[in-house]
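> This is a predicted model, with the sequence first.
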Amino acid sequence: MIRLQDVTKVYEGGTVAVRDVSLEIPKGEFVFLVGPSGSGKSTLIRLMLREEGVTRGNIFVAGKDITALPGWKVPFLRRSIGTVFQDFKLLPNKTVGENVAFALEVLGRPRSVIGPQVTQVLDLVGLDDKAGRYPRQLSGGEQQRVSVARAFVNRPPIMLCDEPTGNLDPATSVGIMKLLDRINRTGTTVVMATHDHAIVDAMQRRVVQLADGNVIRDEVSGRYETVGGEA
Amino acid sequence: MSRVGFLVREALVNLRRNLLVVTGAVLAVFVSLFLAFGALAFSQLVDLNTAKWKEGVHIIAFLNDAGRDGVPADAHQTLLAEVQNWDEVRTAFYIDKTAAYREYQEIFANDPDLLEILENPSVLPASIRIELNDLDLYETVEFRLNQQPALIQKISSAAQEIEQISALSRALHLLAIGLSVVLGVCAVILIANTIRLAIYARRDEVSIMKLVGASNWFIRVPFLLEGLIEGIVGAVLAVFSIWVAARTLAGAAVGFRLFNLEIPGDFFLRWGVVFLFFGAAAGVIGSLLGLSRYLREADGGRPAGARRALEPV
């Protein structure tokens, strides 16, 4: 589903964020990207989303090389990827329902389809009674659930999550992870950057560990830390 | 079709939900265009009054009596016909002694002493009243009249004074037009900048929309519509305010004969439409300029890490 081939990202000034990373993520997999701040986790997510351009290498999403994608085609790529961020990235002037509906509006779906789909996905994340609220009227956990609902409402084949539990307490984080796990079970590929030990250890999924932009560990059913060492 | 409906609804909802920012943008348009339109209305007043002052008789040639002192009996009519044929002359007409006396009586109707002094109507000379095509040519006409010293008793001309007023009005007109242009340019910059700032305040929204997969036009259209509406509302307010101010001024100056403060309705109609387009264009341009930067960002196509190089990776 996603294939990174010798991907390198060097920022202006010479900072190397990602160095010769090659990675293959099959359809339906749940992958944790772990590592300390500055290790390159978020950069990888941004590269896969074409928020940034690679300096060298190629990234294939569903067989297509997105590094060669012209700018006007980037929105089409993003419509096939759901995104969840640490800071939720909700539109502040839109209600919960409108925020979720927006992802369908950009696809040009008719209102008759949007309404039921929004209700269904809000029901899935347990916020069907808060569709008319604004993001500022919700708790952090609720906002993140809206964000997950928006990311999943058009049933994308891929979900990229950048520290989705970074701003949440442990109990709320568990709720979000249950949601992501449920979404993954529908066949959606989930890539999640995190440094939440407890979650990675509890989920027992594939773990890709990064350090200084290099992949230093890739385990099928791993833990946050290697036995006897640090992540 | 549903997408067009959504984008229009988006613009209207955004206008309602960002009321403070929208009010600021509308006020910027209003104030800028009010000043520019006011300067234009002032130049119109200057033009109207100059035209008014330029109307009427510019030169009076008082004539010696015909049939006396070697002046032929038909000399007055011959001269009138000649003057009427001059290119510089728009109209010329003859006032005989009787008409001159009647005119004297009308002018001094409230001054019986002056009326009593002039008992004999034949004392007043006949005259030719001349209205010029171009005030600048008054010296030429005077020169030509002076070629007949036996017939011409005296030449009286208001042209010099009118010329001074003309010069003053030209300066005022230039000032007002210059002011309109300068204020117009300022208006575009101010409006565009205000709307840019309004978009800057919402730049995160733009980046979120892009992350969700919205195309540039999908993001742009509601912002353009918002700018368009803000521009038009501000322009309508500006034109309407100047119209009200002009009506009030004209109403207060009824019977005031020296100046004409009545601006014709077609001026407001003609220039009002121009200013509406002006406001709308400024709103749209402001939105386009304001958006372009944030739309370019987050496309992953720019040179590596211009801004995010400073951010943690």
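Everything's here; your move.

> Could you give the number of residues near B:Asp47?
17 (other Cβ atoms under 10 Å in any protein chain shown). All C-beta spots, glycine's among them, are computed from the backbone N, C-alpha and C.

> contacting residues around it?
Contact analysis of B:Asp47 by Cβ atoms under 8 Å, 6 or more residues apart in numbering or on different chains lists B:169, B:173.

> mind checking how far it is from chain A?
Separation of B:Asp47 from chain A (Cβ to the nearest Cβ, to the nearest Å): 48 Å.

> So for the strand or helix carrying B:Leu224, what gets flagged as buried?
Using DSSP states H and E, B:Leu224 falls within helix B:216-252. The neighbour-count check on helix B:216-252 (16 or more other Cβ atoms under 10 Å in any protein chain shown) flags B:216, B:218-239, B:242-243, B:246 as buried.

> Over to stretch A:6-19?
By 16+ other Cβ under 10 Å, the buried positions in stretch A:6-19 come out as A:7-11, A:16-19.

> ok, residue 155 - contacts?
All of this refers to chain A. For A:Arg155, the contacting residues are A:186, A:188, by Cβ under 8 Å, 6+ apart.

> Hmm, no, I was thinking of chain B.
B:59-62, B:142, B:145-146.

> Look up the residues forming beta bridges with it.
B:Ala61 (DSSP bridges).

> ok, back up a step: give me the subset of the buried residues of stretch A:6-19 lying in strands.
Counted as lying in strands by DSSP state E, out of the buried residues of stretch A:6-19, are A:7-10, A:16-19.

> does B:Tyr101 really touch B:Ala126, like I thought?
No: counting by Cβ atoms under 8 Å, B:Tyr101 stays clear of B:Ala126, with 10.5 Å between them.

> Mind pulling up the pLDDT for the residue nearest in space to the middle of chain B?
In chain B, the centroid-proximal residue (Cα atoms, centre = their mean) is B:Gln44; its distance is 3.1 Å. Looking at B:Gln44, its pLDDT is 86.

> ok, now the one 10 residues further on?
The score at B:Lys54 is 73. That number is its pLDDT.

> Kindly report the same for the one 3 residues further on.
pLDDT, B:Val57: 75.

> Helices of the chain, residue ranges please.
With no chain named, the answer covers chain A. With DSSP state H, the ranges of helices along chain A come out as A:41-48, A:74-79, A:96-105, A:111-124, A:140-152, A:170-185, A:197-203.

> To clarify, I was referring to chain B.
So, for chain B - with DSSP H - the helices run B:2-17, B:19-54, B:75-85, B:97-107, B:112-117, B:138-145, B:159-200, B:203-212, B:216-252, B:265-296.

> export these to TSV and tack on distance to A:Asp65?
Formatted as TSV, the helices of chain B follow (distance: least, Cβ to Cβ, whole Å):
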stretch	distance to A:Asp65
helix B:2-17	29
helix B:19-54	41
helix B:75-85	88
helix B:97-107	97
helix B:112-117	104
helix B:138-145	83
helix B:159-200	33
helix B:203-212	21
helix B:216-252	22
helix B:265-296	22
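
> among the ones you listed, which is nearest A:Ile45?
Smallest distance to A:Ile45 across the helices of chain B (Cβ to Cβ): 11.0 Å, for helix B:203-212.

> Taking helix B:265-296 as reference, get the angle to that closest one.
Put simply, helix B:203-212 runs at 60 degrees to helix B:265-296, going by axes from the mean of the first three to the mean of the last three Cα atoms, to 10 degrees.

> Only the buried residues of helix B:203-212, if you could.
Neighbour counts using 16+ other Cβ under 10 Å place B:205-212 of helix B:203-212 among the buried residues.

> Stretch B:59-69 too?
B:59-64, B:66.

> Tell me the span between the first and last residue of that stretch.
From its first residue to its last, stretch B:59-69 covers 24 Å (Cα to Cα, to the nearest Å).

> now it, how far from the centre of its chain.
Relative to the centre of its chain, stretch B:59-69 is centred 44 Å away, using Cα atoms, centre = their mean, to the nearest Å.

> on that earlier part again, indicate which one of the helices of chain B is closest to A:Pro164.
Of all those, it is helix B:203-212 that lies closest to A:Pro164, at 14.0 Å by Cβ to Cβ.

> Is there proximity between the closest one and chain A?
Yes: for a cut-off given as Cβ under 8 Å from any Cβ of the partner chain, helix B:203-212 has contacts with chain A, namely B:204-205, B:207-212.

> Only C-alpha atoms, please: export the lowest-mean-pLDDT helix or strand in chain B in CSV.
Lowest by mean pLDDT, DSSP states H and E among the helices and strands of chain B is helix B:112-117, with a mean of 77. Once non-C-alpha atoms are left out, helix B:112-117 reads as follows in CSV (Å, rounded to 0.1, in the frame of the first residue of the first chain):
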residue,chain,number,x,y,z
PRO,B,112,-35.4,105.4,-7.1
ASP,B,113,-32.6,108.1,-6.9
LEU,B,114,-30.7,106.4,-9.7
LEU,B,115,-33.9,106.0,-11.7
GLU,B,116,-34.6,109.7,-11.3
ILE,B,117,-31.2,110.8,-12.5
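
> ok, and for it, which residues are buried?
Buried residues in helix B:112-117 (16+ other Cβ under 10 Å): none.

> what do you get for stretch A:209-227?
Quick answer for stretch A:209-227 (16+ other Cβ under 10 Å): A:209-211, A:213, A:215, A:217, A:222-225.

> how much space between the residue nearest to A:Arg217 when sequence neighbours are not counted and chain B?
Leaving aside its sequence neighbours, A:Arg217 sits nearest to A:Gln209 (Cβ to Cβ, 6 or more residues apart in numbering or on different chains; 3.8 Å). According to Cβ to the nearest Cβ, A:Gln209 stands 16 Å off from chain B.

> So A:Gln209 sits against A:Arg223, correct?
No: counting by Cβ under 8 Å, A:Gln209 does not reach A:Arg223; the two are 10.2 Å apart.

> Now do the contacts for residue 3.
Since no chain was named, I'll use chain A. Shown in contact with A:Arg3 (Cβ under 8 Å, 6+ apart): A:23-25, A:59-60.

> try chain B instead
Residues counted as contacts of B:Arg3 (Cβ under 8 Å, 6+ apart) are A:105, A:108, B:218.

> swap in B:Glu119?
If you count contacts by Cβ under 8 Å, 6+ apart, then B:Glu119 has nothing around it.

> count of residues packed around the closest residue in space to B:Gly234 that isn't next to it in sequence?
Nearest non-adjacent residue to B:Gly234, counting by Cβ to Cβ, 6+ apart: B:Val29, 2.4 Å away. Each residue near B:Val29 was counted by other Cβ under 10 Å, and the total is 32.

> What is the nearest of the residues of helix B:203-212 next to chain A to B:Phe259?
Closest to B:Phe259, out of all of the residues of helix B:203-212 next to chain A and judged by Cβ to Cβ, is B:Glu205, at 53.0 Å.

> what about chain A, any weak spots by pLDDT?
Along chain A, segments meeting pLDDT under 70 span A:226-231.

> which ones are touching the residue in the stretch 101-250 of chain B that chain A sits nearest to?
Residue nearest to chain A within the stretch 101-250 of chain B: B:Gly213 (3.6 Å; Cβ to the nearest Cβ). Counting by Cβ under 8 Å, 6+ apart, B:Gly213 makes contact with A:75-79, A:81, A:103, A:106-107.

> What count of nearby residues applies to the nearest residue to A:Pro135 once chain neighbours are set aside?
Closest residue to A:Pro135 apart from its sequence neighbours, by Cβ to Cβ, 6+ apart: A:Leu90 at 4.2 Å. Around A:Leu90 sit 26 other residues, with neighbours defined as other Cβ under 10 Å.

> rewinding a little: who wins for neighbours among the contacts of B:Gly213?
Ranked by the number of neighbours (other Cβ under 10 Å), these place A:Ala103 first, at 29 neighbours.

> Figure out how far stretch B:8-18 is from the centre of its chain.
Relative to the centre of its chain, stretch B:8-18 is centred 36 Å away, using Cα atoms, centre = their mean.

> follow-up on the earlier one: more neighbours: B:Tyr101 and B:Ala126, which one.
It is B:Ala126, of B:Tyr101 and B:Ala126, that has more neighbours when counted by other Cβ under 10 Å, with 21 against 17.
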